[in-house]
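Chemist: Return a 3D structure for these sequence lines:
(3 chains)
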Amino acid sequence: MRYPTNTQKNILKGRFETVNINAEAVAGTLESSDAQVTVRPSDRGLFVHIESSVMNQYGRQIKATVIETLKGLGVRFGNVEVVDKGALDCTIKARVECAVMRSNDASESGV
Amino acid sequence: MMFMNAQRPGLIKDAYIYGSDSIILDLEDAVAENQKDAARFSLYHALKNIDYGKTEVIVRINGLDTPHWKEDIRCVVAGGADGIRIAKCESAEDVRKVEAEVLKAEREFGIEEGRTLLMAALESPKGIMNAYEILMASPRMFGCAISGGDFRKSMHVQIERDGIEMMAARGNMLMAARAAGLQCFDTMWPNIDDIEGFQAEVRQNRKMGFDGKSVVSPKQIQYVHDTFAPTPKEIAYAEKLCRSFNEQADAGVGVYTVDGKMVDIPFFEDARRVIELAKACGVYHGDL
Amino acid sequence: MKNAVGREIPDEILKNGREVYQGKNYKDGKYIKKASPKSRMFVKPQESKLVATLKEACIQCGAHDGMTFSFHTELRNGDYVGAMAARVLVEELGLKNITVAATSLGAAQDVIADYIEQGRITGVQTSGVRGRIGEVISAGKLDAPAVIRSHGGRPRAVEADEVHIDIAFLAAASSDCCGNSSGVGGKNNFGSMGFGTHDAHYADHTIIVTDTLVDFPNLPSSVSAIDVDAVVVVDDIGDAGKIATKEARMTDNPRELMMAKNAAAVIAATPYFKDGFSFQTGVGGPSLAVNRFLEEHMREKNIRMSFALGGTSKAICDLMDKGFVRHILDTQDFDTGAAAHIFRTPGHHEISLSEYANAGNKGAYVNKLDYVVLAALEIDTNFNVNVITGSDGILRGAPGGHPDTAAGSKCCIIVTPLTRGRMATVCDEVVTVTTPGDCVDVLVTDYGIAVNPLRQDLIECLDKAGIEHVTIEQLRDKAYSLVGTPDKLEWEDKVVAIVEARDGTVLDVVRKIKPLDVNAEGEEVKF
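Modeler: Presented below is the predicted three-dimensional model:
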């Protein structure tokens, strides 16, 4: 397991420093009430793409939740793609965090 | 106690509406090995965000022989679950190992020390033999449950409709729990469609003295409640005992008879327990 | 102009005497002028009305550009006849500007969506719309808005000549050569033909489409030869597997059972629950399960139902066979158990949609109904119900008899989970009003029961029975706390559908949805 040296993170305490998206990683499923989040490295900036089965009513909230979560993690570069199947905000948050941490090989412990 | 896969958001978001007394969010068998991390993320945010009301939330963590259990404990404690179910618990030492990690996590996350309770899942003959020392190993312990699947495998037996294959184990565990003054729960009935078999087992559980049953489907909850709730006859007798005891105590009598049977103080205590249980089950409408 | 449920109805809709909704009894006592069809005389003795092809029958019946055709949907998702009729009119005869007037529209008629997109079918009048047809109408592919009417509103509009049917294509399980036809007696039996019988009386022409020709006379019949112009025999009128399941499945979903049990408890706590009460329920999970719990209450109180109304499932037939139900008044059969029960069981009667629910006649059964248990896609804090648009604004539902039974019954109970996925079912304002809130009395959800404050009498009944209830605002708050408060939908000006109340006034309109796009091309996120 490889830990990025520039990363100081602790999700459970709500404290993060910069985390980067180092490799492509996926978290979540396409089941109803879930969301699948795919993250890929980017050197141009941070881009978020949302697809949702509840776009018309919740599209803005989903995007805001994703961006807030990425901001909390300190992610500045990457492509983040969310395919939402009506997940609650707490699920979206969990899936984004897990995908980003997985892309750092850091999802298994000490989060 | 209803089991729910912690990795499935659709399941855990409002599992409490079915009226089970506690739900067990499972990080162990229900979660595939390569999704343990994802399950922890979703468990943590579910614990933080979902209001489970009066339902206790207990998390089944991965076994102490896996690389997952320490991180599981950090996640559970940080999320603020009511309790941890220690899978494959075999000795007092196992409990103490978990307790140490829980305490560490409570300190790490600034959570009141001792808030997170523990229960043991006894899944092997060794666990059953050590039930009493396991239950007494920590003041955090609130009870134990037998886990049928693994236990039967280690005993080289199959599930039987009369429960004969686990009779001794259930009896041993129950005695240990009563001796320790803690709660005791039976294993789940795996075949959701076999309602008759399930009901027979629940009736046997109650006769043996269990405090409750693990369930794997909301469909099973109502029958457990109906079976474990005191019957109107039991409630009426308990009421009679309580009232007569109050009268006899005023008169200074120790041993006396009710309905032709001799009763004394332990009877009264049990009667009080029946009334309290009836109240908790919502079936008591008297004035005691 | 704002109507009585607070919906803004655009003036251009309010032409030709069309009025806005003004309360549930606004039209009571007023008169309607009944239309009469143009009917061909069959003076000469005739061996048979069999015609070799549907195309030929259409030509005989004067099919023309700008015509209106109808069909019934007793065969639900298994129906072949609606699509067959549309295909003949559009493709074989090359007609234009066709209006379809159906009792519902769904996946079985998906081909109609193509004809709408091609501009061949230009008018839609229906009591329900699902699948691709709903999507193309929502996308604004019709020039004139679709008109959505309840099952009672449809025969009223037909009688008032607001819909004039040129040709009714009626699927029949069996028919003789002259058109005495029935929903049973063939290879694809669907039972009650109550959705179609009224059309036979009011359409200029009626074509019976069957796959089982039987000896003359095919009696008893649901449609009589006196109303039939032609009989066409086809290989199959439908897909038996999709017409009806063997038995509408009794749910074992504990959430649905819990709601059903609570709905039955509400019924048992109200004063109309006495010997001779009347009852209707749907076939959806929790609604159907109410039958089961109601039986326990009836047994306990030792009472019987005078009549069960509407769509019929085996569950209610079983109740009749056990002696709990005196009459079943049946508009459609949801399963083969019910389809086999009607016509064979004294007391199990076929009724037309007009007899069932038409506010324009003098004795619709819904007005004698004590209880109805219904579902909802959405219900708002004014108890207005939506069963036609999804919360994304797309047409995907069917009012059916919902507004009629809600208005006619003494106690209308809506049973619905508080949320579906991330959709809040209980909300501030429904997307579309299909059933006005003053017709809805009790809401049963998996998170609690709410009673319409207009019904203080029912509130007292529940209190007396010790049934806990909360305000509908509390349920909405709970829903929003679970899933978040949804953003309001954004609409274009174009009206894609008009929702008529059962009396023909305008209850609401559905506009074209403006889809939300949060993915501005290549936009970089900065914080």
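Chemist: didn't residue B:74 look like it was pressed against residue B:105?
Modeler: Yes: between residue B:74 and residue B:105 there is a contact under C-beta atoms under 8 Å: 4.9 Å. (C-beta placed from N, C-alpha, C; glycine too.)
Chemist: Quick check: residues of the stretch 251-400 of chain C near chain A?
Modeler: The stretch 251-400 of chain C comes close to chain A at residues C:391, C:392, C:393, as judged by C-beta under 8 Å from any C-beta of the partner chain.
Chemist: quick check, nearest of those to residue B:209?
Modeler: Set against residue B:209, the nearest of these by C-beta to C-beta is residue C:391 (50.4 Å).
Chemist: just checking, that closest one touches residue C:428?
Modeler: No: the criterion here is C-beta under 8 Å, and residue C:391 misses it with residue C:428 at 11.8 Å.
Chemist: State the pLDDT value of residue C:230.
Modeler: For residue C:230, the pLDDT comes out at 98.
Chemist: So what's the residue count around it?
Modeler: Neighbourhood size, residue C:230 [other C-beta atoms under 10 Å in any protein chain shown]: 21.
Chemist: where's it relative to chain A, distance?
Modeler: Per C-beta to the nearest C-beta, to the nearest Å, residue C:230 is found 46 Å from chain A.
Chemist: Name the SS class of the residue nearest to that residue when sequence neighbours are not counted, please.
Modeler: Leaving aside its sequence neighbours, residue C:230 sits nearest to residue C:57 (C-beta to C-beta, 6 or more residues apart in numbering or on different chains; 4.0 Å). Counting by DSSP: H, G, I helix; E, B strand; the rest coil, the backbone at residue C:57 sits in helix.
Chemist: who's in contact with residue C:57?
Modeler: C:51, C:207, C:229, C:230, C:232 (C-beta atoms under 8 Å, 6 or more residues apart in numbering or on different chains).
Chemist: and residue C:78, what does it touch?
Modeler: Residue C:78 is in contact with C:108, C:188, C:238, C:239, C:240, C:241, C:242, C:243, C:244, counting by C-beta under 8 Å, 6+ apart.
Chemist: again, only using 10 Å
Modeler: By C-beta atoms under 10 Å, 6 or more residues apart in numbering or on different chains, the residues touching residue C:78 are C:108, C:188, C:190, C:236, C:237, C:238, C:239, C:240, C:241, C:242, C:243, C:244.
Chemist: Same check on residue C:518?
Modeler: Contacts of residue C:518 (C-beta under 10 Å, 6+ apart): A:48-52, A:55, A:58-64, A:66.
Chemist: thinking again about what came up before, of all the residues of the stretch 251-400 of chain C next to chain A, which comes closest to chain B?
Modeler: Nearest to chain B among those is residue C:391, at 17.9 Å by C-beta to the nearest C-beta.
Chemist: State the number of residues packed around the closest one.
Modeler: Residue C:391: 23 neighbours (other C-beta under 10 Å).
Chemist: so what's it closest to, chain neighbours aside?
Modeler: residue C:423 (4.9 Å).
Chemist: Overlap in contacts, residue C:391 and residue C:428.
Modeler: residue C:486.
Chemist: residue contacts, the residue nearest the centre of chain C?
Modeler: Central residue of chain C (C-alpha atoms, centre = their mean): residue C:400, 1.5 Å from the mean position. With contacts defined as C-beta under 10 Å, 6+ apart, residue C:400 is in contact with C:73, C:103-104, C:127-128, C:150-152, C:282, C:310-311, C:331-332, C:353, C:357, C:374, C:387, C:434.
Chemist: so after the helix or strand bottoming out on mean pLDDT in chain A, what's the next helix or strand?
Modeler: Every helix and strand of chain A was ranked by mean pLDDT, DSSP states H and E. The lowest is strand A:15-16, at a mean of 54. Sequence-wise, the next helix or strand downstream of strand A:15-16 (DSSP states H and E) is strand A:25-27.
Chemist: can you tell me the average pLDDT over the helix or strand that that following strand is followed by?
Modeler: Sequence order places strand A:35-40 as the next helix or strand after strand A:25-27, per DSSP H and E. Mean pLDDT, taken over the full extent of strand A:35-40, equals 96.
Chemist: near chain B, anything from strand A:35-40?
Modeler: Yes: contact of strand A:35-40 with chain B (C-beta under 10 Å from any C-beta of the partner chain) involves residue A:35.
Chemist: Distance from the chain centre to that strand, please.
Modeler: 7 Å (C-alpha atoms, centre = their mean, to the nearest Å).
Chemist: ditto for stretch B:212-228
Modeler: Worked out by C-alpha atoms, centre = their mean, stretch B:212-228 lies 12 Å from the chain centre.
Chemist: What's the end-to-end length of it?
Modeler: This stretch, stretch B:212-228, spans 7 Å end to end (C-alpha to C-alpha, to the nearest Å).
Chemist: List the buried residues of that stretch.
Modeler: B:212-225, B:227-228 (16 or more other C-beta atoms under 10 Å in any protein chain shown).
Chemist: cool, stretch C:467-486 as well?
Modeler: C:467, C:469-470, C:472, C:475-476, C:478-480, C:482-486.
Chemist: and chain B, which of those residues contact it?
Modeler: C:478, C:482, C:483.
Chemist: Quick check: the last one touching residue A:89?
Modeler: Yes: under the contact definition of C-beta atoms under 10 Å, residue C:483 touches residue A:89, with a separation of 8.8 Å.
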